[in-house]
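>>> Coordinates for the following, if possible.
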Amino acid sequence: MAYKSIEIAQLRAQQEALNKQLAEAKERETRQVMIEIVQKMREYGISINELMGRKSGAQPDEPSAKYRDPASGSTWSGRGRAPAWIVGKDRDAFLADKGAAARAMVQAALFPEGH
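A predicted model of the protein is given here:
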C-alpha cells in the first residue's frame, strides 16, 4: 500500500523544489568557474592544446571540425554520415576555421544564447 498522506506529498514537493534549486545553483557555480578558467587562460596565454597536454601544433586525437552549424554551434568533421543541418545544403557556407571553431565552442559553452 502506497502512502498518500498530505504530509508525505508536501515533503515530496519540498524535495523536488530543493533538487531544482540545487541543480540551478550548481549550474551557476559551474558557469562562473568556467568563466574564471577562461580568464586565467587568457591572462597567462595558455592555449587549449596546452591545457589538454598537447604540444603546440600537434594534431588532435579526434578529427577537427571542418563544418559548423551557426544556429546551434554543432560541428562535423566531414567524415561519416552528414548531420541533418547540412544535408542538401552548400557545405562551403558551413566551413569552420580551426582556431575560430575552438573559440566558438568555448564561447557557446560559457555564454549560451538567452543568458
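>>> Which elements pack onto the top helix by length along the chain?
Longest helix of the chain, by residue count under DSSP state H: helix 6-44. Using 3 or more C-beta pairs under 8 Å, 6 or more residues apart in numbering; DSSP states H and E, the elements in contact with helix 6-44 are helix 98-110. No exception for glycine: its C-beta is placed from N, CA and C like everyone else's.
>>> pLDDT-wise, which helix or strand of this protein ranks last?
When the helices and strands of the chain are scored by mean pLDDT, DSSP states H and E, helix 98-110 comes last with a mean of 63.
>>> Following element in sequence after the longest helix of the chain, please.
Downstream of helix 6-44, the next assigned helix or strand under DSSP states H and E is helix 48-51.
>>> Kindly report the domain assignment for the chain.
Domain assignment for the chain by automatic domain parsing gives 1-46, 63-115.
>>> Now do the contacts for Ser74.
Neighbour list for Ser74: Arg68, Pro83, Trp85 [criterion: C-beta atoms under 8 Å, 6 or more residues apart in numbering].
>>> want to throw these into a markdown table with neighbour count, pLDDT and secondary structure?
Converted to a markdown table, these look like this (neighbours: other C-beta atoms under 10 Å; pLDDT from 0 to 100; DSSP: H, G, I helix; E, B strand; the rest coil):
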| residue | neighbour count | pLDDT | secondary structure |
| --- | --- | --- | --- |
| Arg68 | 22 | 86 | strand |
| Pro83 | 14 | 93 | coil |
| Trp85 | 15 | 92 | coil |
